[in-house]
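# Please work out how this folds:
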Amino acid sequence: MSIVIAILEPEKGITLYADRKWVLAGPKGKIYAEGEVEKLHHITPTIACGYTGSKDWCEALTLVLSQSAKHKASELIELIKTYPYNGKVEGSTYILAGIYDNGRPFLFGYKSTGEFTLVQDQEADVFATSPTEYLHNCQEFFYQDLDLHNDLDLASIHTIEFAATQNPTYIGSNYNSIKIPAIHH
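The predicted structure follows:
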(Lines give C-alpha, C1' and ligand atoms only; values in the text may rest on other atoms or scores of the structure.)
Protein backbone atom coordinates (compact mmCIF):
# COMPACT_ATOMS: atom_id res chain seq x y z
CA MET A 1 0.00 0.00 0.00
CA SER A 2 1.06 3.54 -0.64
CA ILE A 3 -0.58 6.84 0.03
CA VAL A 4 -0.27 10.20 -1.72
CA ILE A 5 -2.21 13.28 -0.65
CA ALA A 6 -2.34 16.33 -2.92
CA ILE A 7 -3.89 19.59 -1.76
CA LEU A 8 -4.78 22.54 -3.99
CA GLU A 9 -5.36 25.93 -2.39
CA PRO A 10 -5.85 28.44 -5.24
CA GLU A 11 -4.26 31.39 -3.44
CA LYS A 12 -1.48 29.41 -1.74
CA GLY A 13 -0.53 26.69 -4.25
CA ILE A 14 -0.06 22.94 -4.12
CA THR A 15 1.19 20.61 -1.41
CA LEU A 16 1.96 16.94 -1.97
CA TYR A 17 2.57 14.33 0.74
CA ALA A 18 3.54 10.67 0.32
CA ASP A 19 4.72 7.83 2.48
CA ARG A 20 8.16 6.40 1.70
CA LYS A 21 7.69 2.63 2.12
CA TRP A 22 8.45 0.36 -0.83
CA VAL A 23 7.59 -3.33 -0.89
CA LEU A 24 8.17 -5.97 -3.55
CA ALA A 25 5.57 -8.67 -3.05
CA GLY A 26 4.73 -11.78 -5.03
CA PRO A 27 1.29 -12.65 -6.38
CA LYS A 28 0.33 -14.41 -3.14
CA GLY A 29 1.54 -11.54 -0.93
CA LYS A 30 4.95 -12.97 -0.05
CA ILE A 31 7.36 -10.08 0.64
CA TYR A 32 10.61 -10.40 -1.32
CA ALA A 33 12.14 -7.00 -0.55
CA GLU A 34 11.28 -3.73 1.17
CA GLY A 35 12.81 -0.38 1.89
CA GLU A 36 12.20 3.33 1.44
CA VAL A 37 11.78 5.22 -1.80
CA GLU A 38 10.98 8.77 -2.82
CA LYS A 39 7.43 8.84 -4.27
CA LEU A 40 7.37 12.60 -4.88
CA HIS A 41 9.49 14.26 -7.56
CA HIS A 42 9.88 17.69 -9.13
CA ILE A 43 9.37 17.55 -12.90
CA THR A 44 10.07 21.28 -13.24
CA PRO A 45 10.45 23.99 -10.58
CA THR A 46 6.66 24.53 -10.75
CA ILE A 47 5.37 20.98 -11.44
CA ALA A 48 5.75 17.89 -9.28
CA CYS A 49 4.36 14.37 -9.21
CA GLY A 50 3.51 11.66 -6.71
CA TYR A 51 2.48 8.06 -7.20
CA THR A 52 1.22 4.81 -5.73
CA GLY A 53 1.35 1.28 -7.07
CA SER A 54 4.00 0.01 -9.48
CA LYS A 55 7.30 1.67 -8.58
CA ASP A 56 8.91 0.69 -11.90
CA TRP A 57 6.07 2.01 -14.09
CA CYS A 58 5.72 5.24 -12.11
CA GLU A 59 9.46 5.92 -12.03
CA ALA A 60 9.74 5.26 -15.77
CA LEU A 61 6.85 7.69 -16.41
CA THR A 62 8.51 10.26 -14.13
CA LEU A 63 11.73 9.94 -16.15
CA VAL A 64 9.83 10.52 -19.42
CA LEU A 65 8.15 13.60 -17.94
CA SER A 66 11.44 14.93 -16.55
CA GLN A 67 13.03 14.57 -19.99
CA SER A 68 10.07 16.55 -21.37
CA ALA A 69 10.33 19.25 -18.71
CA LYS A 70 10.28 22.08 -21.26
CA HIS A 71 6.68 21.15 -22.09
CA LYS A 72 3.67 22.91 -20.61
CA ALA A 73 1.56 21.18 -17.95
CA SER A 74 -1.14 20.42 -20.53
CA GLU A 75 1.43 18.64 -22.72
CA LEU A 76 2.77 16.64 -19.77
CA ILE A 77 -0.80 15.56 -18.99
CA GLU A 78 -1.20 14.29 -22.56
CA LEU A 79 2.06 12.33 -22.20
CA ILE A 80 0.65 10.70 -19.06
CA LYS A 81 -2.61 9.78 -20.78
CA THR A 82 -0.76 8.11 -23.68
CA TYR A 83 2.04 6.48 -21.68
CA PRO A 84 2.14 2.70 -22.31
CA TYR A 85 0.21 0.61 -19.82
CA ASN A 86 0.67 -3.05 -19.09
CA GLY A 87 -1.32 -5.29 -16.75
CA LYS A 88 1.43 -5.27 -14.13
CA VAL A 89 0.65 -1.69 -13.14
CA GLU A 90 -3.00 -2.25 -12.29
CA GLY A 91 -3.93 -0.22 -9.25
CA SER A 92 -1.29 2.43 -9.87
CA THR A 93 -2.17 6.10 -9.53
CA TYR A 94 -0.13 9.06 -10.74
CA ILE A 95 -0.68 12.63 -9.57
CA LEU A 96 0.75 15.62 -11.43
CA ALA A 97 0.41 18.96 -9.66
CA GLY A 98 1.72 22.47 -9.84
CA ILE A 99 1.23 25.57 -11.95
CA TYR A 100 -0.83 25.09 -15.14
CA ASP A 101 -0.34 26.81 -18.51
CA ASN A 102 -2.58 29.70 -17.36
CA GLY A 103 -0.42 30.36 -14.25
CA ARG A 104 -2.97 28.87 -11.81
CA PRO A 105 -2.46 25.84 -9.53
CA PHE A 106 -3.78 22.48 -10.76
CA LEU A 107 -4.09 18.84 -9.74
CA PHE A 108 -4.23 16.01 -12.25
CA GLY A 109 -4.94 12.49 -11.04
CA TYR A 110 -4.49 9.51 -13.37
CA LYS A 111 -5.36 5.89 -12.62
CA SER A 112 -3.76 3.08 -14.59
CA THR A 113 -7.31 2.09 -15.60
CA GLY A 114 -7.38 5.22 -17.78
CA GLU A 115 -9.59 7.30 -15.48
CA PHE A 116 -8.40 10.84 -14.80
CA THR A 117 -9.38 14.10 -13.12
CA LEU A 118 -8.12 17.62 -13.71
CA VAL A 119 -8.89 20.26 -11.06
CA GLN A 120 -8.08 23.97 -11.29
CA ASP A 121 -9.10 27.21 -9.59
CA GLN A 122 -10.90 25.60 -6.66
CA GLU A 123 -9.94 24.20 -3.31
CA ALA A 124 -9.46 20.49 -3.70
CA ASP A 125 -7.66 17.48 -2.39
CA VAL A 126 -6.81 14.26 -4.16
CA PHE A 127 -6.03 11.04 -2.35
CA ALA A 128 -4.43 7.97 -3.87
CA THR A 129 -3.91 4.71 -2.04
CA SER A 130 -2.69 1.38 -3.26
CA PRO A 131 -4.50 -0.90 -2.75
CA THR A 132 -7.58 1.27 -3.13
CA GLU A 133 -9.67 -0.36 -0.40
CA TYR A 134 -7.99 1.92 2.16
CA LEU A 135 -8.96 5.10 0.31
CA HIS A 136 -12.28 5.72 2.09
CA ASN A 137 -10.82 5.16 5.59
CA CYS A 138 -7.94 7.54 4.86
CA GLN A 139 -10.19 10.26 3.44
CA GLU A 140 -12.58 9.98 6.38
CA PHE A 141 -9.68 10.19 8.86
CA PHE A 142 -8.21 13.21 7.02
CA TYR A 143 -11.46 15.19 7.20
CA GLN A 144 -12.01 14.34 10.88
CA ASP A 145 -8.46 15.43 11.68
CA LEU A 146 -8.92 18.60 9.62
CA ASP A 147 -12.11 19.41 11.56
CA LEU A 148 -10.22 18.86 14.81
CA HIS A 149 -7.05 20.84 14.03
CA ASN A 150 -8.01 23.08 11.05
CA ASP A 151 -4.53 22.48 9.56
CA LEU A 152 -4.13 20.81 6.14
CA ASP A 153 -0.47 19.97 6.69
CA LEU A 154 -1.10 18.38 10.08
CA ALA A 155 -4.12 16.45 8.75
CA SER A 156 -1.98 15.11 5.89
CA ILE A 157 0.80 13.96 8.22
CA HIS A 158 -1.67 12.40 10.65
CA THR A 159 -3.41 10.62 7.76
CA ILE A 160 -0.16 9.05 6.60
CA GLU A 161 0.49 7.89 10.17
CA PHE A 162 -3.07 6.52 10.31
CA ALA A 163 -2.63 4.71 6.97
CA ALA A 164 0.52 3.07 8.36
CA THR A 165 -1.59 1.54 11.14
CA GLN A 166 -4.15 0.25 8.60
CA ASN A 167 -1.59 -1.86 6.72
CA PRO A 168 1.92 -1.65 8.21
CA THR A 169 3.21 -4.30 5.81
CA TYR A 170 2.76 -1.98 2.85
CA ILE A 171 2.91 1.57 4.21
CA GLY A 172 5.16 3.35 6.65
CA SER A 173 4.76 6.49 8.69
CA ASN A 174 7.86 8.16 7.20
CA TYR A 175 6.87 10.70 4.56
CA ASN A 176 8.05 13.44 2.24
CA SER A 177 6.33 16.59 1.05
CA ILE A 178 6.68 19.11 -1.77
CA LYS A 179 5.17 22.59 -1.78
CA ILE A 180 4.71 24.64 -4.95
CA PRO A 181 3.54 28.18 -4.21
CA ALA A 182 0.90 29.91 -6.32
CA ILE A 183 2.08 32.60 -8.69
CA HIS A 184 0.54 35.97 -7.88
CA HIS A 185 0.40 38.43 -10.74
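# Please make it C-alpha for all contacts and neighbour counts, starting now.
Fine.
# what's A33 sitting at in phi/psi?
phi -160, psi 150 (degrees, to the nearest 10).
# is it true that Y83 touches L61?
Yes: Y83 is in contact with L61 according to Cα atoms under 8 Å; the separation is 7.2 Å.
# buried sites along stretch 7-15?
Buried residues in stretch 7-15, counted by 16 or more other Cα atoms under 10 Å: I7, L8, E9, P10, G13, I14, T15.
# of all these, which two lie farthest apart?
P10 and T15 (11.2 Å; Cα to Cα).
# SS state for S156?
helix (DSSP: H, G, I helix; E, B strand; the rest coil).
# How about the one 3 residues further on?
At T159, secondary structure determined by three-state DSSP is helix.
# Nearest spatial neighbour of it, chain-adjacent residues omitted?
Nearest residue to T159, sequence neighbours excluded (Cα to Cα, 6 or more residues apart in numbering): F142, at 5.5 Å.
# right, and that neighbour touches S156 too?
Yes: the criterion here is Cα under 8 Å, and F142 meets it with S156 at 6.6 Å.
# of those two, who's got more company?
S156 (28 against 23; other Cα atoms under 10 Å).
# What are the buried residues along the helix or strand bottoming out on mean pLDDT in the chain?
Ranking every helix and strand in the chain by mean pLDDT, DSSP states H and E puts strand 124-130 at the bottom, with a mean of 78. Residues D125, V126, F127, A128, T129, S130 are the ones in strand 124-130 that count as buried (16+ other Cα under 10 Å).
# and that strand, how far out from the chain's middle?
Chain-centre distance of strand 124-130: 7 Å, with Cα atoms, centre = their mean, to the nearest Å.
# Stretch 8-18 too?
How far stretch 8-18 lies from its chain's middle: 12 Å, per Cα atoms, centre = their mean.
# who touches that stretch?
2-7, 39-40, 50, 97-99, 104-107, 120-125, 156-157, 160, 175-184 (Cα atoms under 8 Å, 6 or more residues apart in numbering).
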